[in-house]
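Visitor: Turn this into a structure:
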Amino acid sequence: MVALAAAHGYVAVLDREGRKRQRLLDQLAATQADLAAAEHRAGVLAERHRLARDIHDTLAQGFASVAMLLDAAQADLPPGAPPTRRVEQAMRTARENLAETRRLVHALRPHELEGAGLPGAICQLADRLSAETGIAVHTTVTGNPVALEPQVEGELLRVVQEALTNIRRHADASRVTVTLSYLDGELVLDVQDDGCGVPPGSSGGFGLATMRERINDLGGVFTVESEPGGGTTVAAVVPASAPAAEAAWRPPSDHSDEREQPVSTR
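Guide: You can find the predicted model right below:
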């Protein structure tokens, strides 16, 4: 009898130890998955910075040099001559491509985030929309703002930018509210307007699909609430993961050390 009780006790201990070991294994697997995801995001960020730096140091500088050489050649040609017109066309093309290259560099690392952080960058976008359209745009930030991984802040800024662009083009709104809420472990973004709403049966077009993809890539949730004549609310919830050390390189501002002539973006 004593031996049987001891055996049962031994089995119970083994069972508890087995469950404890399984919990530790599950926690280890979850930690490894989180680490792998963080390493992936860091790798993507590093690659974006590398591409932006390489594009700036090669294509942008090359187009700037071509524009300068063409400008010098134009000064040696008689005004109105066919060669002069061709040089002017080549110079215009070089400058347009230089401008496009700079936009690409800034897209890899949104220049609005430089020195402003996500809340400041969102306020800049809101102020610009209000100044250019007359729409009353109100921005609210709640909680304690923390610096997130640059990739996360960049993607969220692009979502706000796309949402405000949709409002400008389609909503016919008079009032917009952008809310950024820093909660425990997550960040909530809302862009609400009082416009005409998304038409019934419409998917919202490419803009909404792009916003959804950006948020999904961050491991978040994206939702759209709308009704005809009742406005639209675009909402996103993303994990507020631990901030990563930001790379030292920054894309050049418009006042960089390049000495080319002013660029036409027309």
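
Visitor: Look at the one residue sitting closest to the centre of the chain and give its secondary structure.
Guide: By Cα atoms, centre = their mean, the mean C-alpha position of the chain lies nearest to residue 155, the distance being 2.1 Å. Of the three states, residue 155 takes helix under DSSP: H, G, I helix; E, B strand; the rest coil.

Visitor: Apart from its chain neighbours, what residue comes closest to it?
Guide: residue 214 (4.6 Å; Cβ to Cβ, 6 or more residues apart in numbering). Any C-beta I mention is one placed from the backbone N, CA and C, and that applies to glycine too.

Visitor: neighbouring contacts of the helix or strand harbouring that neighbour?
Guide: Under the criterion of DSSP states H and E, residue 214 resides in helix 205-217. Residues from elsewhere that reach helix 205-217 (Cβ atoms under 8 Å, 6 or more residues apart in numbering): 155, 158-159, 162-163, 165-166, 203, 221-222, 224, 234, 236, 238.

Visitor: one step back: now do the residue nearest to the centre of the chain against residue 184, distance only.
Guide: With the distance defined as Cβ to Cβ, to the nearest Å, residue 155 ends up 21 Å from residue 184.

Visitor: Pull up the per-residue confidence for the residue nearest to residue 155.
Guide: We have a pLDDT of 87 for residue 214.

Visitor: and the gap between it and residue 151?
Guide: Noted for residue 214: a distance of 10 Å to residue 151, by Cβ to Cβ.

Visitor: hey, what's in contact with both of these two?
Guide: The overlap between the contact sets of residue 214 and residue 151 (Cβ under 8 Å, 6+ apart) is empty.

Visitor: circling back: go ahead and confirm the residue nearest to the centre of the chain touches residue 220.
Guide: No. Applying Cβ atoms under 8 Å as the test, residue 155 and residue 220 come out as separate, 9.2 Å apart.

Visitor: sec struct for residue 63, please.
Guide: With three-state DSSP as the basis, residue 63 sits in helix.

Visitor: Would you check that it makes contact with residue 94?
Guide: Yes. With contact defined as Cβ under 8 Å, residue 63 reaches residue 94; the gap is 5.2 Å.

Visitor: Surely residue 228 is within a helix?
Guide: No. Counting by three-state DSSP, residue 228 is not found in a helix; it is coil.

Visitor: Give me the phi and psi for it.
Guide: phi -50, psi 120 (degrees, to the nearest 10).

Visitor: residues near it, how many?
Guide: Using other Cβ atoms under 10 Å, the number of residues around residue 228 comes to 10.

Visitor: OK, contacts around it?
Guide: Contacts of residue 228 by Cβ under 8 Å, 6+ apart are 196-197, 199-200.

Visitor: any idea how far residue 149 is from it?
Guide: Counting by Cβ to Cβ, the separation of residue 228 from residue 149 is 38 Å.

Visitor: what do you get for residue 67?
Guide: The spacing between residue 67 and residue 149, counted by Cβ to Cβ, is 36 Å.
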